[in-house]
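A.B. asks: Below is the structure, and that's it, no one-letter string:
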């Protein structure tokens, strides 16, 4: 159970966090002031610390600086809790060594996501920091994840690197279909040609146990373990003496196993080896799912092709009918190719956009650890980590929101909201992006606009996406204009930029999901084509509308309207 220490002087916040974090399975400790909180952190040695800046006596910045000065506490993530807009104290906190900050009032889901993210990063760091072979293997696998679109190559990299670190007779990754009746070997370290090799799961009791429990199975002695009673003689004949099997989960559902069989007799598997293989089983989830789906898609296309050929052979159609059929097939082919192109383009862009920030996070974190030589360098590296991590989190949040919207599971909390304040909050959330490009944001907000019946956080997300889009396509030191006005029975907000503009033919598709007007791998502007679609979907969910006016070279104006109720 992961341990969390909260140092917070506001009892209501402390109580709410205690309830939320204990519900998530964390062991929770709290303290109301800096001195006692510092003592508690030293005693408990938590996995992560949530630290308020404004504390009685010793403030949060001093507590952070004290903890980060102690070698054994340096790797413990510290997330600062700060008042909204308190930029000066936030900068001081980060300079004192804080790993992250979150503004009050905060969203519990966002805080929990950040806590889990830092815990994952710390766990990864702790697991590999002292083992050079494991570091090398992880680096190769990370490179494979970010540099290849072939999931089978990534799976082979994973099993082959495990075989380099741990001496095995065979290391394989097996896909288990949704019925849990069939298994398919998708990759094995001793042959690149193995894929979609169907196996009888009844002959693998260790895999059956993993499927039943959802937990890893570690068998140090095949000859004595009761799980293998029925197949013990066969395993001994082929000199298999120990086995490890790990569940591979995708979205909390079991989709396969990572299995190792070795001939070693004396030494049992070490905790480090078990943790290392467990970590790689997590990394294998996405490529395993993709590899199986891609293969099944290929097989399905082959079946369709064979069926079409057979139907054409048997049919006794006139030339006119054949021409009509061929024309229909050509249209279907073009649609299928367009769909395939969009999917491929999205996967390539998403891979690049997600993994590039993550590479920066890992690389610069190591530079800070090994080569940081001055406060200036540390601040610069920390800023890069924060920026890239923020981009990654924003993209992931957009994906999750779209997924929830499709499943009708995204919660909306309506209240009376002032649109002018929504605009100001949106700009404040993008302060770093705006300052990086030295943009000027001109606000032309009409006074006396009536409040609207909206979900405040979702409304902020709409304008944040539109303003972020304007920032992306506006030249450095350019101007972005944001306007609000009442027009009869609607209130309208507008974001204007002086960017590259949009061709008339592209105005109809600008809000399509995964659409980008420049879809090439060398495009100048980042993103995966989700922001505008998310903004439009959220606006419609709240009874509003969104549209764009634009001309090439003249910039664009994105309009959002909501009814006055």
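C.D. replies: Looks like it arrived, so ask away. What you see is a predicted model, and the numbers here were worked out from it, not measured in a lab.
A.B. asks: give me the low-pLDDT residue ranges for the stretch 1-150 of the chain?
C.D. replies: Scanning the stretch 1-150 of the chain for pLDDT under 70 picks out 84-86, 125-149.
A.B. asks: what are the ranges of the helices in it?
C.D. replies: Secondary structure of the stretch 1-150 of the chain (DSSP state H, counting those that start in this stretch): helices at 11-23, 34-44, 60-68, 87-95, 108-128, 132-147.
A.B. asks: just how off-centre is the longest one within its chain?
C.D. replies: When you say that, I think you mean helix 108-128. 12 Å (CA atoms, centre = their mean, to the nearest Å).
A.B. asks: Would you mind pulling up the elements that that helix packs against?
C.D. replies: helix 11-23, strand 48-52, strand 78-83, strand 100-104, helix 132-147, helix 271-283 (3 or more CB pairs under 8 Å, 6 or more residues apart in numbering; DSSP states H and E). To be clear about C-beta, it is placed using only N, CA and C from the backbone, and glycine gets the same treatment.
A.B. asks: Deepest in the core, which of the ones you listed is it.
C.D. replies: strand 48-52 (a mean of 26; mean count of other CB atoms under 10 Å).
A.B. asks: my guess is residue 189 contacts residue 167, does it?
C.D. replies: No. Using CB atoms under 8 Å, residue 189 makes no contact with residue 167, being 11.4 Å away.
A.B. asks: So for those two, which sits in the more crowded spot?
C.D. replies: residue 189 (22 against 10; other CB atoms under 10 Å).
A.B. asks: Distance of that one relative to residue 488?
C.D. replies: Noted for residue 189: a distance of 69 Å to residue 488, by CB to CB, to the nearest Å.
A.B. asks: Could you work out the end-to-end span of stretch 205-220 for me?
C.D. replies: End-to-end distance for stretch 205-220, by CA to CA, to the nearest Å: 15 Å.
A.B. asks: In that stretch, which residues are buried?
C.D. replies: 205, 206, 207, 208, 209, 210, 211, 216, 217, 218, 219, 220 (16 or more other CB atoms under 10 Å).
A.B. asks: just how off-centre is it within its chain?
C.D. replies: 28 Å.
A.B. asks: Contacts for it, please.
C.D. replies: Defining contact as CB atoms under 8 Å, 6 or more residues apart in numbering, one finds that stretch 205-220 is touched by 174, 176, 180, 183, 201-202, 225, 227-231, 242-247, 249, 254, 257, 259, 268-269, 274, 278.
A.B. asks: List the ones among those residues that fall in strands.
C.D. replies: 174, 176, 183, 242-247, 249, 254, 257, 259 (DSSP state E).
A.B. asks: Among these, name the buried ones.
C.D. replies: 174, 176, 183, 242, 243, 244, 245, 246, 247, 254, 257, 259.
A.B. asks: Turn these into CSV, columns for pLDDT and distance to residue 308.
C.D. replies: Shown next, in CSV, are these (pLDDT from 0 to 100; distance: CB to CB, whole Å):
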residue, pLDDT, distance to residue 308
174, 92, 33
176, 89, 32
183, 90, 31
242, 90, 50
243, 92, 46
244, 92, 46
245, 93, 42
246, 94, 42
247, 93, 40
254, 90, 36
257, 94, 37
259, 94, 39
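A.B. asks: From those, pick the one nearest residue 535.
C.D. replies: Ranked by distance to residue 535 (CB to CB), those are led by residue 254 at 36.0 Å.
A.B. asks: Next up, the contacts around the residue nearest to the closest one when sequence neighbours are not counted.
C.D. replies: Spatial nearest neighbour of residue 254, chain neighbours left out: residue 247 (5.5 Å); criterion: CB to CB, 6 or more residues apart in numbering. Residue 247 sits next to 210, 211, 214, 215, 216, 254, 256, 257, 281 when contact means CB under 8 Å, 6+ apart.
A.B. asks: Tell me the spacing between the third one and residue 63.
C.D. replies: Distance, residue 214 to residue 63, by CB to CB: 39 Å.
A.B. asks: Could you do the fifth one as well?
C.D. replies: The span separating residue 216 from residue 63 equals 38 Å under the rule CB to CB.
A.B. asks: What of the first one?
C.D. replies: When CB to CB is applied, the distance between residue 210 and residue 63 equals 44 Å.
A.B. asks: What of the last one?
C.D. replies: As defined by CB to CB, residue 281 lies at a distance of 38 Å from residue 63.
A.B. asks: correct me, but residue 416 touches residue 452?
C.D. replies: Yes. Counting by CB under 8 Å, residue 416 does reach residue 452; the two are 7.2 Å apart.
A.B. asks: Give me the more crowded residue out of the two.
C.D. replies: residue 452 (23 against 11).
A.B. asks: for that one, what are its contacts?
C.D. replies: Neighbour list for residue 452: 416, 417, 418, 419, 459, 491, 562, 564, 565 [criterion: CB under 8 Å, 6+ apart].
A.B. asks: And residue 565, by the same measure?
C.D. replies: By CB under 8 Å, 6+ apart, the contact list for residue 565 reads 452, 453.
A.B. asks: same thing with residue 338?
C.D. replies: So residue 338 contacts nothing (CB under 8 Å, 6+ apart).
A.B. asks: Quick one: low-confidence residue ranges for the stretch 351-500 of the chain.
C.D. replies: Under the criterion pLDDT under 70, the flagged ranges of the stretch 351-500 of the chain are 351-410.
A.B. asks: now the helices for it?
C.D. replies: Taking DSSP H, counting those that start in this stretch as the criterion, the stretch 351-500 of the chain carries its helices at 375-406, 419-429, 431-436, 456-473.
A.B. asks: does residue 508 count as helix, strand or coil?
C.D. replies: Judged by DSSP: H, G, I helix; E, B strand; the rest coil, the three-state class of residue 508 is coil.
A.B. asks: okay, now it: neighbour count?
C.D. replies: Neighbour count for residue 508, taken as other CB under 10 Å: 8.
A.B. asks: Quick check: it vs residue 547, distance?
C.D. replies: Per CB to CB, residue 508 is found 11 Å from residue 547.
A.B. asks: And for residue 215?
C.D. replies: Distance from residue 215 to residue 547, by CB to CB: 52 Å.
A.B. asks: And residue 183, how far from residue 468?
C.D. replies: 45 Å.
A.B. asks: With residue 561 instead?
C.D. replies: Residue 561 sits 20 Å away from residue 468, going by CB to CB.
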